[in-house]
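> need a 3D model of the following:
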Amino acid sequence: MPLLSNMPPARIDAVMQHPAHVKTVESLPGFISDLRMCQNPGDFVAFQENLLSATLTATQARAERSRMAKRLRKGQRLPPDAPELPEGDPHDVDAWELELDVYERVIRQLRSIGDALAWRVLGYNRSYILALCRNESPGPMHLDKKGTQHEIEFAAEQWRDHRRFTLLHDLTDCLRIGDATVFHDGDDGWQHIYLHELKSNPNARDRVQDLRLKAAAEATQNFGRLPGDIRARLVDTGVPYATHLPALADALSLAHQRGIQTMKIPGGRALLAFDFSAARNRWGEEEAARRFESAYSSLLRRARLKTGTRICFSSGDSVARGRLTPPWGIYPLQPAQCAALIADLLVFTVTLRSDSLVEELGKCGMDARWLLPNGVEPTSPGQPVLELRSHGHRVSINSAEINRLLLELVDLPTWARGMDRVLVKGTVGWQPWPVFTNEDQIWI
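Alright, predicted model coming up:
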């Protein structure tokens, strides 16, 4: 998946201004608003059908364009049924490569809406996401795949015969174990959730997949071992979740008016929000870039982050790339703001000095030290980056937790209490994945 940061400016502009990209971006606020309006199983069924239609259309379009690019690379002619290009020479392979970049982004944006749907119907319970994300991506949905057809038919049957909503995992990036989750209200008054591994051929069961599905279900029910890593454990901190996300909403609103907005966040963090359209309209592209650098430098100075090793996470070009991160569509923001974050029209960056975090954790009675050398970036969300000691225990905190601390603007005392509870429960050799309570009160 190509990164925007690796593309020349002209290529970025061509991708962002492509009619298919513009059309999808324009549809995102509607998707987010519609999802927030869903109240009953029928609403979710209708919402998923619309998302499925858009996703299948995009994946089919990308497949057709991939076929054209492959033919040209082999020196073959284009077939009579070749798709029309909005611009460019259809005999130039780079024109089709641009189409692939566009539809790759479109598909990721739609998957982010699928992730928002998953978080919503799962009650914003992060333990389900942490358990079900631990697999390789199944790839794009295609109607010419028997498995995709079977899954769609299964969901339709569950609604037609039992009035149960069935979440299709392939519409998401975050659900990678199992093919579908069925929701229905039991006679006991509780909603029951069932995971399904679907096979078009009932005799083609995969024992490894079945074991992963069972392990994921047990992990969510009992806060047990996560699939795929004997050390990985869900840990229920019992600490109510609290964030400073209202400050992010304020920063994004002001950036939309001013182009750039900076502010300090409690816990020694510095936030910069940047609205590309507002900044370009106000100053032009080159001056906007210069003002961004100047504003960031000034912010670091005001927040006393100018010296020492800094940790920085950005929202930019992250959609459907980090399956552990809550999707922008559930953030407590206006639908247009969520859509702008998905489309990278709005970005925000949060920076923290590593020594500041160690000091703050020390105030809470924990000894902390960074595990990575200065300047070395973590290579995976599960990579240990911070070691904590207290209560006679030692645990390693992974990169995903630091990402959470920054991009979700978690209240630092709340996060520290959660880490303290992890240490109280700590067992030698564990790789903890902490879960806080009451997250449904944070997200939309």
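> could you use CA atoms for every contact and neighbour count after this?
Noted.
> put the alpha carbons of the helix or strand bottoming out on mean pLDDT in the chain into PDB.
Lowest mean confidence among the helices and strands of the chain (mean pLDDT, DSSP states H and E): helix 207-222, at a mean of 79. What follows is helix 207-222, C-alpha atoms only, in PDB (Å, rounded to 0.1, in the frame of the first residue of the first chain):
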ATOM      1  CA  ARG A 207      -8.300 -26.800  12.200                       C
ATOM      2  CA  VAL A 208      -5.900 -23.900  12.700                       C
ATOM      3  CA  GLN A 209      -8.600 -21.400  11.900                       C
ATOM      4  CA  ASP A 210     -11.000 -23.100  14.200                       C
ATOM      5  CA  LEU A 211      -8.500 -23.100  17.000                       C
ATOM      6  CA  ARG A 212      -7.800 -19.400  16.500                       C
ATOM      7  CA  LEU A 213     -11.500 -18.600  16.500                       C
ATOM      8  CA  LYS A 214     -11.900 -20.600  19.800                       C
ATOM      9  CA  ALA A 215      -8.900 -18.800  21.400                       C
ATOM     10  CA  ALA A 216     -10.300 -15.400  20.400                       C
ATOM     11  CA  ALA A 217     -13.700 -16.200  21.900                       C
ATOM     12  CA  GLU A 218     -12.100 -17.400  25.100                       C
ATOM     13  CA  ALA A 219      -9.900 -14.400  25.400                       C
ATOM     14  CA  THR A 220     -12.800 -12.000  25.200                       C
ATOM     15  CA  GLN A 221     -14.900 -14.000  27.600                       C
ATOM     16  CA  ASN A 222     -12.300 -14.700  30.200                       C
END
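> how about it: buried residues?
Of the residues in helix 207-222, those buried under the neighbour-count criterion (16 or more other Cα atoms under 10 Å) are 212-213, 215-220.
> following element in sequence after that helix, please.
The first helix or strand that comes after helix 207-222 along the chain, using DSSP states H and E, is strand 232-240.
> list the buried residues of that next one.
Under the neighbour-count rule (16+ other Cα under 10 Å), strand 232-240 has 232-237, 239 buried.
> which strands or helices does the helix or strand following that strand pack on?
Using DSSP H and E, the next helix or strand after strand 232-240 towards the C-terminus is helix 245-258. Judged by 3 or more Cα pairs under 8 Å, 6 or more residues apart in numbering; DSSP states H and E, the packing partners of helix 245-258 are strand 260-265, strand 269-275, helix 276-283.
> which residues of the stretch 101-250 of the chain score low on pLDDT?
The stretch 101-250 of the chain contains residues with pLDDT under 70 at 186-189, 200-206.
> in it, which spans are helices?
126-132, 146-162, 207-222, 245-258 (DSSP state H, counting those that start in this stretch).
> deepest-packed of those, please.
Of all the helices of the stretch 101-250 of the chain, helix 126-132 has the most neighbours on average by mean count of other Cα atoms under 10 Å, namely a mean of 24.
> how far does that one sit from the chain's center?
13 Å (Cα atoms, centre = their mean, to the nearest Å).
> now do the contacts for the nearest residue to Leu100 once chain neighbours are set aside.
For Leu100, the nearest residue in space outside its immediate sequence neighbours is Arg62; the separation is 6.0 Å by Cα to Cα, 6 or more residues apart in numbering. With contact taken as Cα atoms under 8 Å, 6 or more residues apart in numbering, Arg62 is in contact with 99-100, 103-104.
> now Ile397
Contacts here follow Cα under 8 Å, 6+ apart; on that basis Ile397 touches 384-388, 431-432.
> restricted to strands, list the residues you listed.
Using DSSP state E to define strands, the subset of these located there is 384-388, 431-432.
> possible to save those as CSV with distance to Pro227 and neighbour count?
Shown next, in CSV, are the ones in strands among the contacts of Ile397 (distance: Cα to Cα, whole Å; neighbours: other Cα atoms under 10 Å):
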residue, distance to Pro227, neighbour count
Pro384, 18, 21
Val385, 21, 20
Leu386, 23, 19
Glu387, 23, 17
Leu388, 24, 21
Gln431, 12, 24
Pro432, 13, 27
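> nearest to Asp344 among these?
In terms of Cα to Cα, no member of these lies closer to Asp344 than Val385, at 27.6 Å.
> shouldn't that closest one be in contact with Ser396?
Yes: between Val385 and Ser396 there is a contact under Cα atoms under 8 Å: 6.9 Å.
> for Pro327, give me its contacts.
Neighbour list for Pro327: 112-113, 115-116, 319 [criterion: Cα under 8 Å, 6+ apart].
> next up, phi/psi of it, please.
phi -70, psi 150 (degrees, to the nearest 10).
> what's the spacing between it and Ala255?
With the distance defined as Cα to Cα, to the nearest Å, Pro327 ends up 21 Å from Ala255.
> now Leu234
37 Å.
> so Ala273 sits against Arg258, correct?
No: Ala273 is beyond contact range of Arg258, at 10.1 Å (criterion: Cα under 8 Å).
> ok, back up a step: turn the buried residues of helix 207-222 into JSON lines, including distance to Thr181.
Below are the buried residues of helix 207-222 laid out as JSON lines (distance: Cα to Cα, whole Å):
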{"residue": "Arg212", "distance to Thr181": "15"}
{"residue": "Leu213", "distance to Thr181": "11"}
{"residue": "Ala215", "distance to Thr181": "15"}
{"residue": "Ala216", "distance to Thr181": "12"}
{"residue": "Ala217", "distance to Thr181": "11"}
{"residue": "Glu218", "distance to Thr181": "15"}
{"residue": "Ala219", "distance to Thr181": "16"}
{"residue": "Thr220", "distance to Thr181": "14"}
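> residue contacts, Lys264?
By Cα under 8 Å, 6+ apart, Lys264 lies in contact with 270-271, 299, 303.
> and those, which two are furthest apart?
Among the contacts of Lys264, the pair separated by the greatest distance (Cα to Cα) is Leu271 and Ala303, at 9.7 Å.
> show me which of those two is the more surrounded one.
With other Cα atoms under 10 Å as the criterion, Leu271 and Ala303 differ in neighbour count, and Leu271 comes out ahead with 26 against 18.
> gap between that one and Leu299?
Leu271 sits 8 Å away from Leu299 when distances are taken as Cα to Cα.
> next one: Arg269
According to Cα to Cα, Arg269 and Leu299 sit 10 Å apart.
> care to break this structure down by domain?
4-228, 240-441 (automatic domain parsing).
> now do the longest one: distance from first to last residue.
Using Cα to Cα, one end of domain 4-228 lies 31 Å from the other.
> thanks a lot, catch you later.
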